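**Q** could you look at this predicted model? Sequence included:
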Amino acid sequence: MTSQEIRKKYLDFFQSKNHLIVPSAPIVLKDDPTLMFNNSGMAQFKEYFLGNATPKSPRIADTQKCLRVSGKHNDLEDVGFDTYHHTMFEMLGNWSFGDYFKKEAITWSWELLTEVYKLPKDRLYVTVFEGDEKEGIPRSIEALACWQKLVPENHIVFGNKKDNFWEMGEQGPCGPCTEIHFDGRSDQERALVPGESLVNKDHPEVIEIWNNVFMMFNRLKDGSLEPLPQKHVDTGMGFERLVRIIQKKSSNYDSDVFTPLIAQVEQITGFKYTSDEIKDISEQQNKTNIAIRVVVDHVRAVAFAIADGQLPSNTGAGYVIRRILRRAIRYGFTFLNTKEPFINQLVAVLADQMGDFFPEIRAQKTLVTNVIREEEASFLRTLEQGLQLLDKVVAETPGKEVKGEKVFELYDTFGFPKDLTALILKEKGYTYNEAEFDSELEKQKARSRAASEVATDDWTILIDGNIEQFVGYDQTENQVKITRYRKIDSKKDGVLYQIVLDATPFYPEGGGQVGDKGLLTTANERIEIIDTKKENNLILHLAPKLPENVSAVFNAQVNTDLRTSTSKNHSATHLMHLALRTILGTHVEQKGSLVAPNYLRFDFSHFSKVSDEELQQVEAFVNARIAEQLALVEHRNIPIEQALAQGAMALFGEKYGDSVRMIEFGQSKELCGGIHVKNTADIWHFKIISEGAVAAGIRRIEAITGDAVKDFFNQQESALAAIKETLKNPQDTLKAVVSLQEENAKLAKQIEALMKDKVKAMKAQMASELQEINGVSFLAKQIDLDASGAKDLAYELGQNKQNAFLLLATADEGKPMLTCYISKELVENKGLNAGAVVRELGKYIQGGGGGQPFFATAGGKNVDGIAEALKNAIHFIQ
């Protein structure tokens, strides 16, 4: 049975049990401030478990793309060392929202595993929650009774709260769970050690494959539990593990989920992967296996994240994706001898493999390939820089042990893992202080934890029921009541209050648009709303303080100045998207956006720099639509199929419901939940202020509208007036500037010629000042030249004198510079190194530098240190 067939049978089975089959949510979560990535099957359904929304069906099933890079067994640096943990994985799940419960969930899971997938019953073990006296939670009697009808007693294992009580987080919905484990050991091993003794003991062949969670409680901040109004079922089955078991493999990587990718790596690199079924492999082969596992695992995570709209970057979710990709590149570089980009070549295999179930990877194949290729090339260059830096660290290390802080610096700055550094150091006869490295790493983790730590109180409910609604499309002011509130405390923002209103006009951050700001007022009080966000289907108004009377009726007022500017930028973004597709081609797709009051930012797929002429055409196109005074046509609640049929643009990586909102300005039609102008004339004018690359195949335009354009033109006019005044108000300003540039170029050439003459004159004088010391022609002197002149003089002197050691100091424009020239025969015969010289003497001018063994320079800050540097130069030849 192939992996595609296994996935399909799961979905078909639950469809036959009246479940609605829904597509996977994007792997990247854009509108959930509590998570960067979908890390479990239930993440996209949190709002239903919390009672903040009603699902389309009380029964749902899906296969969800998930990403985990932290937590038990999921630390990124550990993936690849075993054969069953991954960064990106699929979670098969079936869900009941207040519908069926333990009996049906358990019966159906057993039916699917044993009757559809034909797994041998004697290899399956189940766990049941044993209860917790301290929490006051009884044993799961109903689950136990269900299993007793299906499996023998010795296949039922009781689990404690750690193993058999699932919690969403420190607070929120939770409940007991029952797991199904599979014993994949040989018959001989099973005869010696009973399977029940190995359940949840981290045995690589006795593994959990399915977890049925029964959501019954809500965990409060004080740790106590309260019953949920409705009971839910949340199940998750690891797809990769299931395929491995059905295909009778001892490793996930031996199943057809990974073998096509592994075969491609083998073909590209020439290294062969050894199946986990082969024992007693060499240490070198084991390293090869680990490297190939890392590559094929990580490319899946990175490719799907990019396809869902998350580009590698230096912050947030983008930084995690970059870390994952760079780890794969490092393992290829170190253990598969790949010095050129190669991981990008796996994307085509992945698209063929998974494109039927996840069409986004097929549709975005070219973009994903290009982004990964560029990231690889960039990081391989960084690795070369890191290797040079490591050479410098070794050269400056007294003894044979490198400081752990230096190794950590390489890890933190260049992504050098400690094992790669250790390998290179070992080849050079060095070691490093591991305890110091681990200490620095722990300090960094502690800083990161502290920075992101948020203490969240329980909700105080003032009005029960899901009565909250958004009225901000039609109103910027409304009479409201608070339905709930809670306090949050973070190191970053301090104490804030999240306030939920019954009928808010405030737009929450989403779809690239920033959240509204404004006020809640009564006759006696003004509460500032500093931001608005959305979490688990609740619109959260962030305020630095609570009203004295939280039960009062408030007037909610959006800051209309900010919103009006934001709406202009949002509508202009839609017009620009249409302009880019019209002028550059329909390959252009939105890949990210920011819509703020002061400017807009738009990322899009395009294979080359947008020329100045094309940018002018885009500007002209948008401003023509503004001049046409196109009225907003809003389709507030139409079926998504109808919107797409009418030509609406839908974006990859976005999650849409069955009903959507379509925004239409003439030919521009997009699915969008944001705030827009009523007529394009309200935008006034559109001006592009920058265009550049974000990643391979991704460009970014920043632009302004409305008052920001007026300010821009005023600044340009003021700058032009200042230039005219400086140039004594010429009749033709442009001609005057060109003339000034030409005159400047002539003077620069004259100065260059004079400097060359000066160098020649100084050469004759300084040749007589050379001292013979220990067979070395030595000179250390401060000269009145710039850095370029000092270099020319050093070469002129050095190339005409054998065994020369020259240190020339300059202080051009108050900036100290040391220039060192050492004849090649001294480098070869006496081991002198100009780079080491300037690094050491650079300390006196509070600077540093480097270069080649025969020529190097160092810049600094302290001119007064020049004399001391010159004085100490002689020590290198004594």
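**A** Thanks, I have the structure now.

**Q** can you give me the pLDDT of the residue sitting furthest away from the middle of the chain?
**A** Centroid-distance maximum for the chain: residue 768 at 61.7 Å, with CA atoms, centre = their mean. Per-residue pLDDT puts residue 768 at 85.

**Q** distance-wise, check it relative to residue 240.
**A** 78 Å (CB to CB, to the nearest Å). For the C-beta atoms, the positions are set from N, CA and C on the backbone; glycine is no exception.

**Q** what do you get for residue 679?
**A** Applying CB to CB to residue 679 and residue 240 gives a distance of 53 Å.

**Q** residue contacts, the residue farthest from the centre of the chain?
**A** Shown in contact with residue 768 (CB atoms under 8 Å, 6 or more residues apart in numbering): no residues.

**Q** sec struct for residue 532, please.
**A** Secondary structure, DSSP: H, G, I helix; E, B strand; the rest coil: residue 532 is strand.

**Q** quick one: secondary structure of the residue nearest to it when sequence neighbours are not counted?
**A** Take residue 532 and drop its neighbours on the chain: the residue closest to it by CB to CB, 6 or more residues apart in numbering is residue 515, 3.5 Å away. Three-state assignment for residue 515 (three-state DSSP): coil.

**Q** phi and psi next, for residue 515.
**A** phi -80, psi 150 (degrees, to the nearest 10).

**Q** likewise for residue 860?
**A** The phi/psi pair for residue 860 (degrees, to the nearest 10) is phi -160, psi -170.

**Q** show me which of residue 679 and residue 240 is the more surrounded one.
**A** Taking other CB atoms under 10 Å, residue 679 and residue 240 do not tie; residue 240 has more neighbours (22 against 15).

**Q** if you skip the residues just before and after it, what's nearest to that one?
**A** Using CB to CB, 6+ apart, the closest residue to residue 240 is residue 252 (4.6 Å).

**Q** hmm, that neighbour is touching residue 242, no?
**A** No. Using CB atoms under 8 Å, residue 252 is not in contact with residue 242; the gap is 9.8 Å.

**Q** list the contacts of the residue nearest the centre of the chain.
**A** Using CA atoms, centre = their mean, the residue of the chain that lies closest to the mean C-alpha position is residue 318, 1.8 Å off. Residues near residue 318 by CB under 8 Å, 6+ apart: 310-312.

**Q** point out where the stretch 401-550 of the chain drops to low pLDDT.
**A** 451-452 (pLDDT under 70).

**Q** check the chain too.
**A** Looking at the chain by pLDDT under 70, you get 31, 33, 70-74, 276-277, 451-452, 652-653.

**Q** so for the longest helix seen in it, what gets flagged as buried?
**A** Using DSSP state H to define each element, the chain has its longest helix at helix 733-767. Buried residues in helix 733-767, counted by 16 or more other CB atoms under 10 Å: 736, 755, 758-759, 762, 766.

**Q** is it correct that the residue nearest to the centre of the chain falls within a helix?
**A** Yes. Per three-state DSSP, residue 318 lies within a helix segment.

**Q** that one and residue 324, how far apart?
**A** Counting by CB to CB - residue 318 and residue 324 are separated by 11 Å.

**Q** and if you look at residue 506?
**A** Taking CB to CB, one finds residue 506 at 36 Å from residue 324.

**Q** again with residue 398
**A** Taking CB to CB, one finds residue 398 at 37 Å from residue 324.

**Q** what does residue 154 give?
**A** 42 Å.

**Q** of those two, which one has the most company?
**A** Legend: neighbour count by other CB under 10 Å for residue 154 and residue 324, higher for residue 324 (25 against 10).

**Q** who touches that one in this structure?
**A** Counted by CB under 8 Å, 6+ apart, residue 324 has contacts 69, 76, 87, 298, 301-302.

**Q** of these, which is the most crowded?
**A** Result: residue 302 is most packed of the contacts of residue 324 (other CB under 10 Å), 31 neighbours.

**Q** my read is that it contacts residue 317, right?
**A** No. Using CB under 8 Å, residue 302 makes no contact with residue 317, being 11.8 Å away.

**Q** quickly find the element holding residue 333.
**A** helix 316-335 (DSSP states H and E).

**Q** and that helix, how far out from the chain middle?
**A** 11 Å (CA atoms, centre = their mean, to the nearest Å).

**Q** same question for stretch 238-247.
**A** 29 Å.

**Q** again, but for stretch 296-309
**A** Worked out by CA atoms, centre = their mean, stretch 296-309 lies 11 Å from the chain centre.

**Q** CA atoms of that stretch as PDB?
**A** The C-alpha coordinates for stretch 296-309 follow below in PDB (Å, rounded to 0.1, in the frame of the first residue of the first chain):
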ATOM      1  CA  VAL A 296      15.300  15.000   3.100                       C
ATOM      2  CA  ASP A 297      13.500  15.900   6.300                       C
ATOM      3  CA  HIS A 298      14.400  19.600   6.300                       C
ATOM      4  CA  VAL A 299      13.600  20.200   2.600                       C
ATOM      5  CA  ARG A 300      10.000  19.200   3.200                       C
ATOM      6  CA  ALA A 301       9.600  21.700   6.100                       C
ATOM      7  CA  VAL A 302      11.300  24.500   4.200                       C
ATOM      8  CA  ALA A 303       9.500  23.900   0.900                       C
ATOM      9  CA  PHE A 304       6.000  23.800   2.400                       C
ATOM     10  CA  ALA A 305       6.700  26.900   4.500                       C
ATOM     11  CA  ILE A 306       7.800  28.900   1.400                       C
ATOM     12  CA  ALA A 307       4.800  27.500  -0.600                       C
ATOM     13  CA  ASP A 308       2.500  28.800   2.200                       C
ATOM     14  CA  GLY A 309       4.000  32.200   2.000                       C
END
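
**Q** which residues sit against stretch 444-454?
**A** Counting by CB under 8 Å, 6+ apart, 408, 412, 488-492 sit against stretch 444-454.

**Q** how about residue 814, what does it touch?
**A** residue 863.

**Q** go again using 10 Å as the cut-off
**A** 861, 863 (CB atoms under 10 Å, 6 or more residues apart in numbering).

**Q** distance of it relative to residue 460?
**A** Counting by CB to CB, the gap from residue 814 to residue 460 is 63 Å.

**Q** same question, residue 333
**A** Taken as CB to CB, the span from residue 333 to residue 460 is 54 Å.

**Q** which of these two has more residues huddled nearby?
**A** Using other CB under 10 Å as the criterion, residue 333 and residue 460 rank with residue 333 on top: 20 against 12.

**Q** excluding its backbone neighbours, what's nearest that one?
**A** residue 383 (6.0 Å).

**Q** swap in residue 542?
**A** Per CB to CB, 6+ apart, closest to residue 542 is residue 531, 4.5 Å.

**Q** for residue 504, see how far away the one you found is.
**A** Applying CB to CB to residue 531 and residue 504 gives a distance of 13 Å.

**Q** ok, the two, which is more surrounded?
**A** More neighbours surround residue 504 than the other of residue 531 and residue 504, with 28 against 17 (other CB under 10 Å).
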